[in-house]
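*Asks:* Predicted structure and sequence below. I'll ask about it afterward.
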Amino acid sequence: MSAAEAVTRAHREQWARVVAALTRRFGDLDIAEEAAAEAFATAVERWPADGVPPNPGAWLTTTATRKAIDRIRRENKRDDKQREARMVHDDDPPEPLGALDDERLRLIFTCCHPALAMQTRVALTLRMVGGLTMPEIARAFLVTEAAMGQRITRAKSKIKAARIPYRVPAPEDLPARVRGVLAVLYLVFNEGYLATGPDTDPVRHDLTAEAIRLTRLVRALMPTDGEVAGLLALMLLTEARRTARVSAAGELVPLGEQDRSAWDAGLIAEGHQLMHERLASGEAPGRYQILAAINAVHTSARDVRDTDWSQVVALYDQLVRLDPSPIIALNRAIAVAERDGPEVGLAAVDTLGDNLAGYHAYHATRAELLRRLGVGRESRAAYDRAIELAGNTAETAYLSRRRAALGDG
């Protein structure tokens with residue numbers, strides 16, 4: 001492994017741990033993130049020349065701690081003698097972990113403070129805990145990188161101005177924060193399921209596995225929460241298809257073309273069991289439970305031709321009432337096209353153009369439906385736009401092959 005690859009792997013595996021350790025020690029998210037960023041920048045400079053250290057995580061944490069101490073000294077924002085004594089000679093016993101034993105999950109709950117707007121909580125936590133880059137977060141929210149940077153900066157400023165403490169949330173705090181926590185975990189999972197950056201692996205198992213691990217911990221904390229169970233089921237049913245999603249040639253394999261014998265039967269069984277438990281509860285399902293139910297329909301079909309598209313559309317009808325976002329509407333239109341034909345589906349897709357003009361999946365969907373309708377010229381143009389916007393390398397390869405099959409006539 002090259003030094004550059006080692007830094008990339010360390011970033012994925014250690015970012016949240018470094019940020020969490022520094023935040024717990026210094027009580028300042030801004031200092032923690034900037035010191036962590038400086039430590040990784042130093043690694044980029046030094047590891048190629050000096051070699052990768054035996055314990056990259058410890059090296060990064062130590063370097064980041066020194067960077068944080070240097071910054072605090074320069075800014076002179078603390079009671080120097082008392083504060084520096086705590087930092088350099090940190091002999092205090094660790095604080096009790098309280099309701100959360102996992103440090104990364106504790107930091108997620110802390111960032112998801114109800115004093116912050118929901119989207120701000122999610123964006124901040126993705127940056128501080130998930131270690132996602134600003135471009136990755138911006139793509140997840142379908143906004144510009146500059147706008148997302150401003151949003152995160154404002155969130156940090158509010159934390160400082162309101163003196164929101166970094167602390168372990170008490171059990172009674174958890175229900176007020178869990179919605180934001182689930183949103184964060186879902187977006188981290190999605191970034192792993194279909195990575196948006198052109199310079200990363202198309203499927204990042206490190207992110208999907210960590211999102212599932214943390215969601216299991218949330219479920220252990222809140223075993224009666226239906227949306228927690230729904231999100232876990234959704235992740236398991238999606239992760240079950242991971243090994244079938246990218247071909248040996250590096251192309252994305254759509255759901256309808258996947259080798260279903262390669263799906264993980266154990267994960268599917270666990271996901272279905274969670275959904276059966278939620279149905280038996282008699283409670284009205286929330287967003288994640290409905291999404292999991294849609295995935296349960298797909299993973300119940302032995303062949304794509306056995307898919308109950310009427311049930312899928314009915315579930316999307318429920319979901320649209322809870323979440324009338326254009327992306328949900330797009331996914332519903334795809335299901336409608338399978339049930340009622342490409343012409344009906346295309347009519348539904350075309351109503352979303354104003355909201356999804358910068359979203360590659362919108363153009364990829366139009367391209368496929370236009371291809372099925374035999375409208376070659378418009379299909380080629382839609383494929384071209386989808387390829388231009390797509391960041392995932394496997395998805396780009398798949399779209400490029402489909403576009404090439406249409407020729408230039």
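*Replies:* Structure received.

*Asks:* what's near enough to touch V178?
*Replies:* Counting by CB atoms under 8 Å, 6 or more residues apart in numbering, V178 touches V218, M222, D225, E227, V228. Bear in mind the C-beta positions are built from the backbone N, C-alpha and C, glycine included.

*Asks:* Leaving out the residues flanking it, which one is nearest to the fourth one?
*Replies:* Right, the one you point to is E227. In space, and not counting its chain neighbours, E227 is closest to G286: 4.5 Å by CB to CB, 6 or more residues apart in numbering.

*Asks:* how many neighbours does the one you found have?
*Replies:* Number of residues near G286 (other CB atoms under 10 Å) recorded here: 20.

*Asks:* Kindly provide the distance from it to L322.
*Replies:* Distance from G286 to L322, counting by CB to CB, to the nearest Å: 7 Å.

*Asks:* ditto for I290
*Replies:* 7 Å.

*Asks:* Between the two, which is the more surrounded one?
*Replies:* The neighbour count for I290 versus L322, taken as other CB under 10 Å, is higher for I290 (22 against 14).

*Asks:* what's the average pLDDT for stretch 241-252?
*Replies:* Per-residue pLDDT over stretch 241-252 has a mean of 92.

*Asks:* low-scoring stretches of this structure, by residue?
*Replies:* Within the chain, the segments meeting pLDDT under 70 span 1-13, 16, 24, 26-27, 29, 75-101, 129-131, 165-168, 196-200, 409.

*Asks:* one more time with 90
*Replies:* Within the chain, the ranges that satisfy pLDDT under 90 run 1-181, 183-184, 187-211, 213-214, 217, 220-222, 248-250, 279-282, 390-394, 407-409.

*Asks:* Break it down into its structural domains.
*Replies:* 3-88, 102-164+174-194+203-222, 289-338, 358-409 (automatic domain parsing).

*Asks:* Distance to P254 for those domains - can I get that in a markdown table?
*Replies:* As requested, the domains of the chain are arranged in a markdown table below (distance: least, CB to CB, whole Å):
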| stretch | distance to P254 |
| --- | --- |
| domain 3-88 | 27 |
| domain 102-164+174-194+203-222 | 12 |
| domain 289-338 | 9 |
| domain 358-409 | 8 |
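
*Asks:* wait, which of those domains is closest to S261?
*Replies:* The minimum distance between S261 and these falls on domain 289-338, with 9.6 Å, by CB to CB.

*Asks:* how long is that closest one from one end to the other?
*Replies:* Terminal residues of domain 289-338 lie 22 Å apart, using CA to CA, to the nearest Å.

*Asks:* any idea how far it is from the chain center?
*Replies:* Domain 289-338 has its C-alpha centroid displaced from the chain centroid by 21 Å (CA atoms, centre = their mean, to the nearest Å).

*Asks:* Next one: the spatially closest residue to C111 that is not a sequence neighbour from I31, what distance?
*Replies:* Among residues not flanking C111 along the chain, T125 sits closest, at 4.0 Å (CB to CB, 6+ apart). Between T125 and I31 the computed distance is 17 Å (CB to CB).

*Asks:* what about these two, which has more around it?
*Replies:* Ranked by neighbour count (other CB under 10 Å), T125 and I31 place T125 first, with 30 against 22.

*Asks:* quick one on the thing from earlier: for the domains of the chain, which one sits closest to L274?
*Replies:* domain 289-338 (7.3 Å).

*Asks:* Does the residue nearest to C111 lie in a helix or a strand, and which?
*Replies:* Following DSSP states H and E, one finds T125 within helix 118-128.

*Asks:* If you count neighbours, what's buried in that helix?
*Replies:* T120, R121, V122, A123, L124, T125, L126, R127, M128 (16 or more other CB atoms under 10 Å).

*Asks:* same question, stretch 283-301
*Replies:* Buried-residue list, stretch 283-301, by 16+ other CB under 10 Å: 285-299.

*Asks:* And the contacts of it?
*Replies:* 182, 186, 226-227, 229-231, 233-234, 237-238, 240-241, 255, 263, 268, 271-272, 274-275, 278, 307-308, 311-312, 315-316, 318-319, 322-323.

*Asks:* can you give me how far it is from the chain middle?
*Replies:* Offset of stretch 283-301 from its chain centre (CA atoms, centre = their mean): 19 Å.

*Asks:* do stretch 52-72 as well
*Replies:* 26 Å.

*Asks:* That stretch: which residues count as buried?
*Replies:* Within stretch 52-72, the residues scored as buried using 16+ other CB under 10 Å are 52-53, 56, 59-61, 63-69, 71-72.

*Asks:* go on, stretch 373-387?
*Replies:* Under 16+ other CB under 10 Å, the buried positions of stretch 373-387 are V375, S379, R380, A381, A382, Y383, R385, A386, I387.

*Asks:* can you tell me which helix or strand the nearest residue to the second one once chain neighbours are set aside belongs to?
*Replies:* The shortest distance from S379 to any residue that is not its chain neighbour, by CB to CB, 6+ apart, is 3.8 Å, and that residue is L370. With secondary structure defined by DSSP H and E, L370 is part of helix 360-372.
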